Structure formats: structure tokens, C-alpha cells
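Q: Structure, please.
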Amino acid sequence: MYVLFEGIDTCGKSTQIELIAQQHPEAVITREPGGTEFGQKARKILLEAQLRSRRAELLLFLADRAEHYEEVVRPNRSGLVISDRGFLSGIGYALANGGVELEELIALNRFALQGDWPDHIILFLTDKETLLQRLSEKDPDGIEDRGIDYLLQVQEEMKTALTRMRIPHLLVVAREEIETIHQKIVTYLGI
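A: Residues are numbered from 1 along each chain as shown. I've put the predicted structure just below:
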């Protein structure tokens, strides 16, 4: 089973993935970008905001996604693969950046993933107050430097894309208690 944990920064994805990893040591836990050697290099470029072109940023994400799928997801698809982010985040950020349509992004991601969409997506939703509080507790990266309104727009774009694509999903309210969220996820996934 291939599952994406999606959401904007500080929404709690990593905490929940860690809890599942503790319960399921056989699971392959990965992330985009950064789940491969190439992805680690791409992540560094993306988070340091070294690219001026948003199209170049999109293409770098897509290149990482294709490599990640080939190297990590596809060989482990028969087991439990959990990715901290994936194509839905890519679509959300690209739409928030502007200059590209949802249908184009779906086609590009279908190509990168060889048409193999995840079985489930867990989308963490946050609000402005929670986001401000959590971001104040860390140093912002190049993407977080774009601002709160930008990040909330990314979240809305992810919700829109998820609705359009009709992939089985669970929406999680990020401000709920960690254990409450965990139980909802475990129940939903049946793991």
C-alpha cells in the first residue's frame, strides 16, 4: 500500500509518520524531495531558494518524483510505503506559484509516476493561528519565507486537486491531539 502524508509545513505529518514507523518497522518510510540521493540534492536547492524560475522549481520536483518512484516506491509497492509529501504537495505549490493549470500538472505527475497514483492520501489541514504559532518555533526555509498567506493558498490548492482527482483520502485537522489524529489514521488505513 502506497500512502502519501500531505500538508503544508508544521502541520504534523512527520510526527504521525514517526508513530506509524514505530508500530510498523517493516514499512518503507520516505519523503519528497529527499528520499533518494538525487532527491537530497534537489531538496537542498529547493529549500535554499536557489531557483528564480518557478517552472524550473516545478521541473526539479518532477524529476525528483520520477526518480523517487523508480528507486523507492515501485520496488516496495507490495508492502507499506509511506511518503512524507508527494505529488499533491507538488501540485499545490505549483498552482500557488501560478502560470500552470491543474490538468497540466496532473498529466505531468501521471508521467513522473508512470500512472501509479497512491492508494491513499492523508491531508493535514491547518489554520492561520496554528501555522503562525508553529512557524514561530522554527527557522523558516526558502519556501516558508514566502509567507503565511502563500502557505495557506498552497493548502487550498491541495484540497482542490484532491477533490478533482478522487483518490481515496482522509482529511485531518492538524490542531487536534496527536493521539486522536494517530487513531484516525490507523483506523482509516486499517493498519
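Q: For the residue nearest in space to the middle of the chain, which non-adjacent residue is closest in space?
A: The geometric centre of the chain, computed from its C-alpha atoms, lies nearest to Arg85 (C-alpha atoms, centre = their mean), at 2.0 Å. Leaving aside its sequence neighbours, Arg85 sits nearest to Glu32 (C-beta to C-beta, 6 or more residues apart in numbering; 4.8 Å). Heads up, the C-betas are built off the backbone N, CA and C, glycines and all.
Q: Got phi/psi on that neighbour?
A: Per-residue torsions, Glu32: phi -130, psi 130 (degrees, to the nearest 10).
Q: isn't it right next to Ser89, touching?
A: Yes: at 7.3 Å, Glu32 and Ser89 qualify as touching, with contact defined as C-beta atoms under 8 Å.
Q: does Glu129 sit in a helix, a strand or a coil?
A: Classification of Glu129 using DSSP: H, G, I helix; E, B strand; the rest coil returns helix.
Q: mind listing what the residue nearest to the centre of the chain touches?
A: Residues in contact with Arg85, defined by C-beta atoms under 8 Å, 6 or more residues apart in numbering, are 4-6, 13, 31-33.
Q: now what about stretch 54-71, what contacts it?
A: Outside stretch 54-71, the residues touching it (C-beta under 8 Å, 6+ apart) are 30, 32-33, 35-36, 38-39, 42-43, 45-46, 51, 83, 86-87, 90, 93-94, 97-100, 108-109, 111-114, 116.
Q: Next, the buried residues of stretch 112-119.
A: For stretch 112-119, burial by neighbour count (16 or more other C-beta atoms under 10 Å) applies to 112-113, 117-118.
Q: now the helix or strand bottoming out on mean pLDDT in the chain, how far from the centre of its chain.
A: Using mean pLDDT, DSSP states H and E, the weakest-scoring helix or strand in the chain turns out to be helix 128-135, at a mean of 72. In terms of C-alpha atoms, centre = their mean, to the nearest Å, the centre of helix 128-135 is set 18 Å apart from its chain centre.
Q: packing partners for it?
A: helix 148-165 (3 or more C-beta pairs under 8 Å, 6 or more residues apart in numbering; DSSP states H and E).
Q: Now the helix or strand following the helix it packs on: buried residues?
A: Per DSSP states H and E, helix 148-165 leads on to strand 169-173 as the next helix or strand towards the C-terminus. Buried residues in strand 169-173, defined by neighbour count with 16+ other C-beta under 10 Å: 169-170, 172.
Q: Does anything pack onto strand 169-173? Which helices or strands?
A: Packed next to strand 169-173, using 3+ C-beta pairs under 8 Å, 6+ apart, are strand 120-125, helix 178-189.
Q: okay, those in TSV with distance to Leu62 next?
A: Output for the helices and strands packed on strand 169-173, formatted as TSV (distance: least, C-beta to C-beta, whole Å):
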stretch	distance to Leu62
strand 120-125	18
helix 178-189	27
